[in-house]
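1. the following comprises the amino acid sequence and a computationally predicted model.
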Amino acid sequence: MYKEFYHLKERPFTILPDPGYLFMSSKHKTAIDYLHYGFMQQAGFIVISGEIGTGKTTLIKYLVKEIEDNINLAIIFNTKLNSVQFLLAVLKEFEVEYKTKNKIALYEAFNKFIIEQYAKKRKTVLIIDEAQNLSPAVLEEVRMLSNLQTEKEHLIRIILVGQPGLREVLLKPGLEQFAQRIIVNYHLDRLSSLEVKEYIHHRLSVAGANTNEIFSDEAINKIATYSEGIPRVINIICDMALVYGFADSLPQISDKVIENVVADKKEGGLFLGEKSGPPSARQNKNSWKIKFRLLEGKIADLEKSIKILENKKKGRDESDTKKYNSSIIEEFKQILITTDKTLKVHDMELKELRPEKNDLVKRLSDFDHDLERIKRQSKIILNVALILAFIAVSALIFCSFIRY
């Protein structure tokens, strides 16, 4: 609704994890480095944790786009599973066929797949998102998967991504062997105040904004304070602030707008865990402003559509006949042009053939002359041969006469 007003190609502050909008803070760069290391490591687990909304899933989706061709990657997002369900989910993500749901048979099918990939020199990486929801029994299955190995190296790399509670889960009694295999444990922290400003400008730029002045510095400071540096909360505040700014036709979002957004969210119980209450007068006022601006926009679009239709109808009756005649004339013109081109081509071909024809006629004439000459020479030779034969016969007769 506010894209055209603020000259944006798309909404810059949706809460969907879009890797195209990933802001590479120093914290996110470090997390990416650890994840890349997890792809290359030969043993152990990589654990990436972070609070809700800090961008963990966005990091994973970004990483999926960057993976090399020789890597088999599977991601498990649904982690509220029992042991067998988890193994089935892993096999499904790696597209491994299995004949039975028996746990031993599932392990054998996966082990066969891993060995085949290793023989093809392909790495196998398993990422488990929302890993804090894994039960101790499923974590034991994860540990068992990591046991698939040759004499020199492990055949699967496993990366666990989850909320801060993941670290507490991994420290529970009975998971000592699992915890000992964690080679990297990185916590994705919140953004600093400076990073919040850079984050907002980055997302606006990706969305097509040609200016960094849509949010005032005071507004950004308020956003940093209320969001506490959590990207998802920043997106929620900024998106609604643009809606409010659009409703009031504000070219720039001020700190006052941010305060109104946060106050309305808190009163509605939809922000930072605040309890809900009845809508305030300000909430009702802002709600009606937004609805009114939306209605204005729809009316303007409808008026444009009506004008376009009227112009089309008015010009159609007058121009249809002209358009039809013009189309016929254009068709004939095209036919004439094509015919003219064809004739020119044939004419060029004839011109090219004329020298060849003259040369051929000359050669035939020379051949006739040669043939006549040969005929004359043949007659002379034949006559000479006849004379010689007559002389020879006469000589034989004369010799015979003398003998007798």
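-> All right, it came through fine.
2. give me the most central residue, the chain.
-> residue 65 (8.6 Å; CA atoms, centre = their mean).
3. and the helix or strand where that residue lies, average pLDDT?
-> Assessed by DSSP states H and E, residue 65 sits inside helix 56-66. Regarding helix 56-66, the rounded mean pLDDT is 83.
4. partner strands of the helix or strand that comes right after that helix and their direction?
-> Counting by DSSP H and E, the element after helix 56-66 in chain order, helix or strand, is strand 71-76. If you go by DSSP bridges, strand 71-76 pairs up with strand 123-128 (parallel).
5. list of residues touching the partner strand?
-> Residues from elsewhere that reach strand 123-128 (CB atoms under 8 Å, 6 or more residues apart in numbering): 38-40, 60, 63, 67, 70-76, 79, 90, 93-94, 114, 117-118, 134, 142, 145, 155-161. No exception for glycine: its C-beta is placed from N, CA and C like everyone else's.
6. repeat that with 7 Å
-> With CB atoms under 7 Å, 6 or more residues apart in numbering as the test, strand 123-128 has contacts from 39, 60, 70-76, 79, 90, 114, 117, 155-161.
7. PyMOL command for the buried members of the residues you listed?
-> Buried subset of these, written as a PyMOL selection, criterion 16 or more other CB atoms under 10 Å:
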select buried, resi 39+60+72+73+74+75+76+79+90+114+117+155+156+157+158+159+160+161
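8. low-scoring stretches of this structure, by residue?
-> Within the chain, the stretches falling below the threshold (pLDDT under 70) are 39, 41-43, 68, 268-336, 338-354, 356-357, 360-361, 404.
9. who's in contact with the residue nearest to the centre of the chain?
-> Counted by CB under 7 Å, 6+ apart, residue 65 has contacts residue 19.
10. ok, it to residue 231 distance?
-> Distance, residue 65 to residue 231, using CB to CB, to the nearest Å: 19 Å.
11. ditto for residue 125
-> Using CB to CB, residue 125 is found at 25 Å from residue 231.
12. of the two, which one has the most company?
-> residue 231 (26 against 21; other CB atoms under 10 Å).
13. returning to what we had before: pull out the buried positions in the helix holding residue 65.
-> Neighbour counts using 16+ other CB under 10 Å place 56-60, 62-63 of helix 56-66 among the buried residues.
14. ok, of these, which one's closest to residue 247?
-> Using CB to CB, residue 58 is the member of the buried residues of helix 56-66 that lies nearest residue 247, at 29.2 Å.
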